[in-house]
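Colleague: Fold the following.
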Amino acid sequence: DELTTKKKQDLLNQKLKNPLLTKSKKKQQLFEKIIELSNLGALQDSEYAELFAEAFKIKKLSPEDSAKIYAMANDIQTTPEGFQKHDKIIDMLNFIANLEGMQPTEVLWALWYSSILSGLSTSFKNVSYNFVNLTLDSFLRNPKEYAATFSGLLKGLDKGLNEAGQIMKHGKFADNENKLVPTNILERIEFPGGKFDPLNWAKIISRFLIAQDRVFYYTFYESEMSAMSYVLAKQEGLKGKALEKRIAELYGNTPEQIKAATETAEKENLTGAVKKRRILELIDQSRGVESQEFADKYAARGTLNYTPRGFMGNIVKGIQDFQRKPGGKSSKFIIPFTRIVANVTNNALDFTPIGYKRAFFGYTGENKMQGREFTKEIARATFGTLAMYGLYLLISAYDPEDKDADFIITGNGYNDWEKNKQLMETGWRPYSIKFGGRWIKYTDTPLMIPFTLIGSYSDQIRYKKVNLDEKDLIQKVSSAAILSVNA
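Modeller: The predicted model follows:
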């Protein structure tokens, strides 16, 4: 009726003033705002369609374009929750992003990022770091959880490889915080040479790196989900077959649950890898929401794909705010990556006494940790601290004058490029551990900071002839912890 129409018009006028900043009880993603505006009729009335175009910075929105966005929005709302809906959302966002137009500089930035990430060493570091991080976190659990954790690791690996295959094929995925956004601009354009133009293959680089992360993400995710299912079932006081059955129910792994998921996937006419992906997705959707949320945060942390926290998070926010300003974007040539560097640093600090501070008092601006997060943080801090002390005892057992010692840990040697170059000619390596005649670099592991502290201590004695006793070491480590109290 007339009153309802007036209310719709008022609401549309309010939301179209700035749809990206409109307040809502629930924080909305971009696609939710678009669908909401579509449902209110913004794309069916020429006047509001112009406002829609202006709000989303679209130079020209033809009636055909409006109709297509409207049809896509309706299709999304009737699609089952999950990756099928997500893919359609990304298609709609890509369509709108293409209507907004593309700046040559945006394409050049994307190509530059692809070029600096294209080396095999980048992939090797990414995989090796994730593997070490996963191994450490799997080890630093209650031993009673080991069996469930290992079972989850295998399921996660299978699921992750399936997801990785879909990413390599289509290039569609949620961002680091499960937000649905337009794909990389290289996914949305076609250079003139077609498949024979190497520029059209640049998008494969980002797909490959994301695919690697998704393999490890799901391995982290499923291992934690499986372990939590075991813990929750044990808390119910169950034993024997009843315990096994309850674990399977919580994990979504009973024959009945698998059959129901399979039947749903078949009703949706899915086949092959897509059918398998849907079955695994439906099983996950049947699990407890709280467990899903914690496992997601755990997996995001494990693969370093989350918003940096604490002091490092504040630094990243400041840099990113500056890079968004006019003239600030050029600083990306000097600081191309911020989030990943901050998260690597934060993860390494967890394996030092600073981890205790974070567990009991929280990151800067956060409350103390609770439950499994608290337990895991204490385990990391304890392991890293004991590892530091163990390395101290090891290097103390060897003569610092013995250049052929079986065990050596290094920092930056002399802190002098020329002198370090001379050392390297003898086979010496900085930021490495020599064990059994082999040098192993530790900078690409979560133990980077605790090992660097001991390596630098060893260098002081071995190369600078500074005599530091155990008391000096404790003072230096304590000073580092105090200086990092805001971490």
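Colleague: Where does pLDDT dip in this structure?
Modeller: Within the chain, the stretches with pLDDT under 70 are 1-28, 175-178, 465-487.
Colleague: if we go to 50?
Modeller: Applying pLDDT under 50 to the chain picks out residues 1-3, 20-26, 478-487.
Colleague: For the longest helix seen in the chain, list every residue counted as buried.
Modeller: Ranked by residue count, the top helix of the chain under DSSP state H comes out as helix 203-235. For helix 203-235, burial by neighbour count (16 or more other CB atoms under 10 Å) applies to 203, 205-234. C-beta coordinates here come from the backbone N, C-alpha and C atoms, glycine included.
Colleague: Which secondary structure elements does that helix sit against?
Modeller: Identification of packing neighbours for helix 203-235 by 3 or more CB pairs under 8 Å, 6 or more residues apart in numbering; DSSP states H and E yields helix 104-116, helix 120-139, helix 146-170, helix 185-188, helix 240-251, helix 289-302.
Colleague: Just list what the fourth one packs against, helices and strands only.
Modeller: In other words, helix 185-188. Based on contacts counted as 3+ CB pairs under 8 Å, 6+ apart, the elements that helix 185-188 packs against are helix 83-100, helix 104-116, helix 203-235.
Colleague: ok, now how distant is residue 166 from residue 172?
Modeller: 8 Å (CB to CB, to the nearest Å).
Colleague: Next: residue 405.
Modeller: 53 Å.
Colleague: cool, and residue 216?
Modeller: 19 Å.
Colleague: does the residue sitting nearest the centre point of the chain count as helix, strand or coil?
Modeller: Nearest to the mean C-alpha position of the chain, by CA atoms, centre = their mean, lies residue 305 at 1.5 Å. Using DSSP: H, G, I helix; E, B strand; the rest coil, the structure places residue 305 in coil.
Colleague: Output the helices and strands packed on helix 185-188 as JSON lines; include the columns distance to residue 75.
Modeller: Formatted as JSON lines, the helices and strands packed on helix 185-188 follow (distance: least, CB to CB, whole Å):
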{"stretch": "helix 83-100", "distance to residue 75": "6"}
{"stretch": "helix 104-116", "distance to residue 75": "28"}
{"stretch": "helix 203-235", "distance to residue 75": "25"}
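Colleague: Looking at these, spot the one closest to residue 278.
Modeller: helix 83-100 (7.4 Å; CB to CB).
Colleague: Now do that closest one and helix 146-170, the angle between them.
Modeller: Here the directions of helix 83-100 and helix 146-170 differ by 40 degrees (axes from the mean of the first three to the mean of the last three CA atoms, to 10 degrees).
Colleague: JSON lines for the helices and strands packed on helix 203-235, including mean neighbour count?
Modeller: Output for the helices and strands packed on helix 203-235, formatted as JSON lines (neighbours: other CB atoms under 10 Å):
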{"stretch": "helix 104-116", "mean neighbour count": "14"}
{"stretch": "helix 120-139", "mean neighbour count": "16"}
{"stretch": "helix 146-170", "mean neighbour count": "18"}
{"stretch": "helix 185-188", "mean neighbour count": "19"}
{"stretch": "helix 240-251", "mean neighbour count": "16"}
{"stretch": "helix 289-302", "mean neighbour count": "18"}
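Colleague: So which of these is nearest residue 409?
Modeller: When these are compared (using CB to CB), the closest one is helix 120-139, at 16.7 Å.
Colleague: Output the contacting helices and strands for the closest one.
Modeller: Counting contacts by 3+ CB pairs under 8 Å, 6+ apart, helix 120-139 packs against helix 146-170, helix 203-235, helix 289-302, helix 371-396.
Colleague: could you dump these to TSV with distance to residue 457?
Modeller: Output for these, formatted as TSV (distance: least, CB to CB, whole Å):
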stretch	distance to residue 457
helix 146-170	34
helix 203-235	32
helix 289-302	29
helix 371-396	7
